[in-house]
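> I would like the atomic coordinates for the input below:
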Amino acid sequence: MSKTLKIALIGLGARAVGLLKFVIYNQKDIEVVAVCDTYADRIDSIKALAKKKRRVEPRGYLDYKEIIEKEKDLDAVIIATSWEVHTDIAIAFMNAKIPVGVEVGGAYDINECYRLIECYEKTKTPYMMLENCCYGNLELATLRMVREGIFGEVVHCKGGYKHDLRDEIAFGKTNRHYRLAEYQKRNAEIYPTHEIGPISKILNITFGNKFDSISSCSSKALGLKEYIATRKDKFPEIKYLENATFTQGDIVNTVIKCHNGETILLELDTTLPRHYSRGFEVRGTRAAVFEDLGKSYFDTNEKMRVKTRSLKYAQRKYAHDIWKWYKKVGVRGGHGGMDYLVLNAFFEAVRKGDGHMPIDIYESVTWMAVTALSDLSIKSGGKPQEFPDFTNGKWKDRKQQGSGFYFLEK
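Predicted coordinates:
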């Protein structure tokens, strides 16, 4: 494989534009040779961006299947479309033996997860969920602390997607954003991977540990109706939604029980007024990290005493090797630098070519399954749902490649 990777990008909405501007076009050894979207104007816009950044336009397609047919020298594909078509597109490229990097999103049903596993085990084509939060500074520092025993035994983890998205959802038709339709037809933990990804790495999920059961409950859905009612006169483009029905609860809480005894609490909170937070917490017998408090706590040998430190102290003292290198060479754009790290990890794994991915297929579908199972649990009144073992028993002996994260200096 040549040093320069030739890739295709499917789905050219805001996420794809951000990846191109702040990550891909800041790497000299990545060439975007093909782009695809169902909207022709988005293709034209991306071509103009490419010409400005690289002076070479990628070939544009309205149908991703044409890329598979016509682009014969692709090294990888990145899928950044709406959630509901991730799996169909990924399977098409996996069958063509093209390594796949897929933006985050939950599964619509468990069969979707098994379809991905079946395709992977048949083709052995690498698949990676591009969960950038696994590469966050705090998340990786905490992972290092856990690996070094600073936490003692981890007992409980917590995380959430707590982000006021009312404008993004309500103006979805204007902005051609898929979240609007999602909130009208679903009620689940629909965006779990930002929190469950880093937590799974910490708890070794699918590598000696697994999820046993999941239970979810949802509040009523009023946030979007109130938002639209108070703004429809000022913004007539959303007036058509004044009598719309939204099924997605304003708050969804999900509890997961792990085989090794840990518990996890996830919270989805996107349609009420609030600040942004991922609510990352890790609780152990000897230490704790609380993102929202900005503090970490370390046990001492004294009676009923702990040392209280800032998160900045913990991140500095226990900086992960990835972030030590990153700060040395210069942190680059995209969600505080996480976007660069996750894509860099994917690209380096493709170059290495041994079939291993930093976030592999079994981890990816396990995280995706949270959405489908939470849907079932909410519909059953919160009854726990048994969590499938997508590894078919291999979780007991599966070993991560190193730390589970590729880190190759350039």
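> Buried residues, stretch 302-315. List them.
When burial is assessed from 16 or more other CB atoms under 10 Å, stretch 302-315 yields the following buried residues: 309, 311, 314-315. Placement of C-beta: from N, CA and C, glycine included.
> what pLDDT, on average, does that stretch get?
What stretch 302-315 shows for mean pLDDT is 90.
> The buried residues of stretch 302-315 in helices, which ones?
Those of the buried residues of stretch 302-315 mapping onto helices are 311, 314-315, per DSSP state H.
> Adding distance to Ala34, write the residues you listed out as TSV.
As requested, those are exported to TSV (distance: CB to CB, whole Å):
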residue	distance to Ala34
Leu311	42
Ala314	43
Gln315	39
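> what's the burial count for Val154?
Number of residues near Val154 (other CB atoms under 10 Å) recorded here: 24.
> no, scratch that, I was asking about Phe171
The local packing of Phe171 (other CB under 10 Å) involves 18 other residues.
> Equivalent analysis for Asp212, please.
Residues near Asp212, counting by other CB under 10 Å, number 15.
> Ok, Lys51 next?
Quick note: Lys51 (other CB under 10 Å) scores 12 neighbours.
> rewinding a little: which two of the buried residues of stretch 302-315 have the greatest separation?
Within the buried residues of stretch 302-315, Arg309 and Gln315 form the most distant pair, 10.2 Å apart (CB to CB).
> Look up which helix or strand the residue in the chain sticking out farthest from the centre falls in, please.
Each residue of the chain has a distance to the centre, and by CA atoms, centre = their mean the biggest one is for Lys303: 41.0 Å. Lys303 belongs to no helix or strand when assigned by DSSP states H and E.
> Can you list the low-confidence ranges for the stretch 301-410 of the chain?
Applying pLDDT under 70 to the stretch 301-410 of the chain picks out residues 401-410.
> Likewise for the chain?
By pLDDT under 70, the weakly predicted segments of the chain are 1-2, 401-410.
> How is it divided into domains?
Split into domains by automatic domain parsing, the chain comes to 5-132, 133-321+360-396.
> And those domains: which comes nearest Leu341?
Of all the domains of the chain, it is domain 133-321+360-396 that lies closest to Leu341, at 3.8 Å by CB to CB.
> Quick one: list the elements packing against the lengthiest helix in the chain.
In the chain, with assignment by DSSP H, the single longest helix is helix 361-379. In terms of contacts (3 or more CB pairs under 8 Å, 6 or more residues apart in numbering; DSSP states H and E), helix 361-379 is packed against helix 110-123, strand 127-129, helix 193-203, strand 211-218, strand 251-258, strand 385-386.
> separation between the spatially most central residue of the chain and Pro358?
Compute the mean C-alpha point of the chain, and by CA atoms, centre = their mean the closest residue is Glu131, 3.3 Å away. The gap separating Glu131 from Pro358 is 10 Å, by CB to CB, to the nearest Å.
> Between the buried residues of stretch 302-315, which sits nearest Asp29?
Closest approach to Asp29 among these (CB to CB): Gln315, at 29.5 Å.
> Need the nearest residue in space to the closest one, chain neighbours excluded.
Spatial nearest neighbour of Gln315, excluding adjacent residues (CB to CB, 6 or more residues apart in numbering): Ala141 at 4.5 Å.
> Determine the three-state secondary structure at the one you found.
Applying DSSP: H, G, I helix; E, B strand; the rest coil to Ala141 yields a three-state assignment of helix.
> Can you report how many residues neighbour it?
Neighbour count of Ala141, defined by other CB under 10 Å: 22.
> Surely it touches Tyr318?
Yes. Applying CB atoms under 8 Å, one finds Ala141 in contact with Tyr318, separated by 4.8 Å.
> Mind putting the helices and strands packed on helix 361-379 into a markdown table with distance to His163?
Converted to a markdown table, the helices and strands packed on helix 361-379 look like this (distance: least, CB to CB, whole Å):
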| stretch | distance to His163 |
| --- | --- |
| helix 110-123 | 24 |
| strand 127-129 | 19 |
| helix 193-203 | 9 |
| strand 211-218 | 17 |
| strand 251-258 | 13 |
| strand 385-386 | 26 |
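> which stretch among those comes nearest Asp75?
strand 127-129 (13.6 Å).
> ok, that closest one: who's next to it in the sheet?
Strand pairing for strand 127-129, using DSSP bridges, gives strand 100-102 (parallel).
> Contacts made by the partner strand with the rest, please.
In this structure, residues lying in contact with strand 100-102 by CB atoms under 8 Å, 6 or more residues apart in numbering are 76-79, 86, 90, 93-94, 125-130, 343, 346, 364.
> Can you tell me which of those are buried?
Neighbour-count burial (16+ other CB under 10 Å) applied to those gives 76-79, 86, 90, 93-94, 125-130, 343, 346, 364.
> hmm, back to that, nearest to Gln385 among the ones in helices among the buried residues of stretch 302-315?
Nearest to Gln385 among these is Leu311, at 33.8 Å by CB to CB.
> Tell me who's in contact with that closest one.
The contact partners of Leu311, taken as CB under 8 Å, 6+ apart, are 138, 289, 291, 294-296.
> Let's see that with 10 Å instead.
Listed by CB atoms under 10 Å, 6 or more residues apart in numbering, the contact set of Leu311 reads 137-138, 141-142, 280, 289-291, 293-296.
> May I ask which two of those are separated the most?
Asn137 and Leu293 (16.7 Å).
> And those two? Which one has more around it.
Neighbours were tallied for Asn137 and for Leu293 using other CB under 10 Å; the higher tally belongs to Asn137 (22 against 13).
> Return the distance of that one relative to Glu112.
Applying CB to CB, the value for Asn137 to Glu112 is 32 Å.
> Ok, Asp29 next?
On the measure of CB to CB, Asp29 and Glu112 end up 33 Å apart.
> do the same with Cys258
For Cys258 relative to Glu112 (CB to CB), the value is 23 Å.
> Helix, strand, or coil at His156?
Following three-state DSSP, His156 is assigned to strand.
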